[in-house]
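In: fold the following for me, if possible:
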Amino acid sequence: MVSQTFTFRPVGIIHSCFKEKFGIPRQARLVPDAAARVEILKPFDRDEAFKGLEQFSHIWVVFVFHVGTRDEWKPTVRPPRLGGNKRVGVFGTRSGFRPNPIGISAVELVGILREHGTLYLDIRGIDMLDKTPVLDIKPYLPYADSVDGAIGGFAPERPVVALKVDFTPQALATCKAIEKKIKGFKQLIIQILQNDPRPAYYDISREKKDFGFRIHDVDVKWRVENSRAVVIAIDPYPTADISSV
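Out: Sure thing, here's the model as predicted:
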């Protein structure tokens, strides 16, 4: 019987465009323009520790699901890909509700830089919440990590893009104003909504409900009308300083 326990120190922390769980893509790289910065914490922020990493286009980020953790684990979960109603074994899914709440995502490495003495990794195609603790960083190896002929169980293929996206005139005007400070903001909203972030168990026949998600300290409000996602309002989060995002 293994009785040994382990304690891990975070090597970094995620500064993500996603400020709350709702709206985060269900897997990495589903929203290619979703960006984050990994702040490397001391004493791991030594330049030599990252020597050679710049040669890789993608990396694995090993992290902690730090929000919504549970005191007790359950052997089965309800993955969104199965509609949120069918239960399967926790180890047959990538759910964050696990005995050890550890996640792993393959993301694009945009750059490595140091600003004001702090070392950062800029990454893209993320599926991680802001302030997520990072346990480890590993290079993605195409010859080893991409397996020809692999079988994906109940998720054999990338989800089909379900929704077209429109903006009300007011929302579009606000979006254009914000884009002067947040480059690619409109495209990020479109990519998120194309993947239909509504809860898997939601009755899609009820198209009148308004939804919202928070990115870059901005609240995006939207609804589905005639099978199209319509952005109806974009408002700065009450405590946000848009000039800083």
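
In: how about the strands in this structure?
Out: 12-16, 35-40, 58-64, 76-77, 88-89, 102-115, 118-124, 133-139, 164-167, 210-215, 218-225, 228-236 (DSSP state E).

In: direction included, what does the fourth one pair up with?
Out: Strand pairing for strand 76-77, determined by DSSP bridges: strand 88-89 (antiparallel).

In: what do you get for the second one?
Out: For strand 35-40, sheet partners with direction are given as strand 12-16 (antiparallel), strand 118-124 (antiparallel), following DSSP bridges.

In: how big is the angle separating that strand from strand 58-64?
Out: Put simply, strand 35-40 runs at 70 degrees to strand 58-64, going by axes from the mean of the first three to the mean of the last three Cα atoms, to 10 degrees.

In: keeping just the C-alphas, turn strand 35-40 into PDB.
Out: Provided in PDB are the C-alpha atoms of strand 35-40 (Å, rounded to 0.1, in the frame of the first residue of the first chain):
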ATOM      1  CA  ALA A  35      -4.400  34.200 -24.500                       C
ATOM      2  CA  ALA A  36      -2.700  34.200 -21.200                       C
ATOM      3  CA  ARG A  37       0.600  35.000 -19.500                       C
ATOM      4  CA  VAL A  38       2.400  32.600 -17.200                       C
ATOM      5  CA  GLU A  39       4.200  34.500 -14.500                       C
ATOM      6  CA  ILE A  40       7.100  32.300 -13.300                       C
END
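
In: picking up where we left off before, now render the strands paired with strand 35-40 as TSV, adding mean pLDDT, mean neighbour count and distance to residue 81.
Out: In short, each C-beta sits where N, CA and C put it, glycine included. As requested, those are exported to TSV (pLDDT from 0 to 100; neighbours: other Cβ atoms under 10 Å; distance: least, Cβ to Cβ, whole Å):
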stretch	mean pLDDT	mean neighbour count	distance to residue 81
strand 12-16	98	20	22
strand 118-124	98	19	23
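
In: is it possible to get TSV of the strands of the chain that adds distance to residue 188?
Out: Below are the strands of the chain laid out as TSV (distance: least, Cβ to Cβ, whole Å):
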stretch	distance to residue 188
strand 12-16	12
strand 35-40	8
strand 58-64	19
strand 76-77	28
strand 88-89	31
strand 102-115	14
strand 118-124	11
strand 133-139	22
strand 164-167	11
strand 210-215	7
strand 218-225	10
strand 228-236	12
